[in-house]
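Peer 1: fold the stuff below for me.
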Amino acid sequence: MSKYSLSVNGEMKSLDVVPDTPLLWALRDSLNLVGTKYGCGVGQCGACMVQINGVPTRSCMTPVSSVGRQKVTTIEGVDPKAATPLQQAWQELDVPQCGYCQAGQIMSAAALLKDNPQPSDADIDAAMGGNLCRCATYMRIRAGIHRAAEIARTQKGKK
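Peer 2: Numbering: from 1, shown residues only. Coordinates of the predicted model:
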């Protein structure tokens with residue numbers, strides 16, 4: 001076991017794990033941040049997506065020892081009140097069906113909208129291509145991202 005200090009959702013967290021422990025299990029088992037889901041365990045589905053320094057990253061394939069001082073953001077760190085335009089759009093359009101993949105979907109969509117606040121369908125498809133949805137709600141996910149961009153534009157105009 002080794003001791004690690006990770007910046008998770010804006011707070012320093014200490015944990016004692018084996019160096020090759022996947023970040024997914026460190027988050028879920030050691031830090032009790034269970035919003036990040038186990039999907040496939042081989043980096044194929046994106047259910048375990050978190051952001052490391054703002055970049056969508058598969059936590060099932062990322063050893064804790066590789067994180068260092070980088071900033072990890074989980075679904076719990078996006079906005080606990082679910083008030084971001086993305087979370088508002090997800091609720092407004094009832095995007096999830098079973099919901100299992102949605103934490104990973106939101107983490108990827110949030111990174112996309114941060115880098116590209118007005119994405120085209122092609123931009124969305126490219127950015128979200130690494131996230132699989134068992135229920136095939138891809139059209140609602142795309143609509144949710146477009147709606148989030150619209151909400152963000154409206155909010156920006158009111159400031």
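Peer 1: show the backbone phi and psi for residue 126.
Peer 2: Dihedral pair for residue 126: phi -70, psi -40, per degrees, to the nearest 10.
Peer 1: should've said residue 17
Peer 2: Main-chain torsions, residue 17, degrees, to the nearest 10: phi -140, psi 170.
Peer 1: return the set of residues that bridge with it.
Peer 2: residue 2 (DSSP bridges).
Peer 1: residues near residue 45, how many?
Peer 2: Neighbour count for residue 45, taken as other C-beta atoms under 10 Å: 22. Yep, even glycine has a C-beta here, placed from its N, CA and C like the rest.
Peer 1: let me know the secondary structure of it.
Peer 2: For residue 45, the assignment made with DSSP: H, G, I helix; E, B strand; the rest coil gives coil.
Peer 1: scan this protein for its longest helix.
Peer 2: For the chain, the longest helix by residue count, based on DSSP state H, is helix 138-158.
Peer 1: what average pLDDT does the helix or strand containing residue 15 get?
Peer 2: Under the criterion of DSSP states H and E, residue 15 resides in strand 11-17. The predicted model assigns strand 11-17 a mean pLDDT of 96.
Peer 1: pull the CA atoms of that strand into PDB?
Peer 2: The C-alpha trace of strand 11-17 is given here as PDB (Å, rounded to 0.1, in the frame of the first residue of the first chain):
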ATOM      1  CA  GLU A  11     -10.500  19.200  -2.100                       C
ATOM      2  CA  MET A  12      -7.300  17.400  -1.100                       C
ATOM      3  CA  LYS A  13      -8.100  13.700  -0.300                       C
ATOM      4  CA  SER A  14      -5.700  11.200   1.300                       C
ATOM      5  CA  LEU A  15      -5.900   7.500   0.600                       C
ATOM      6  CA  ASP A  16      -3.800   4.400   1.100                       C
ATOM      7  CA  VAL A  17      -4.000   2.100  -1.900                       C
END
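Peer 1: run the chain-centre distance for it.
Peer 2: Strand 11-17 has its C-alpha centroid displaced from the chain centroid by 20 Å (C-alpha atoms, centre = their mean, to the nearest Å).
Peer 1: show me what it is packed up against.
Peer 2: The helices and strands touching strand 11-17, judged by 3 or more C-beta pairs under 8 Å, 6 or more residues apart in numbering; DSSP states H and E, are strand 2-8.
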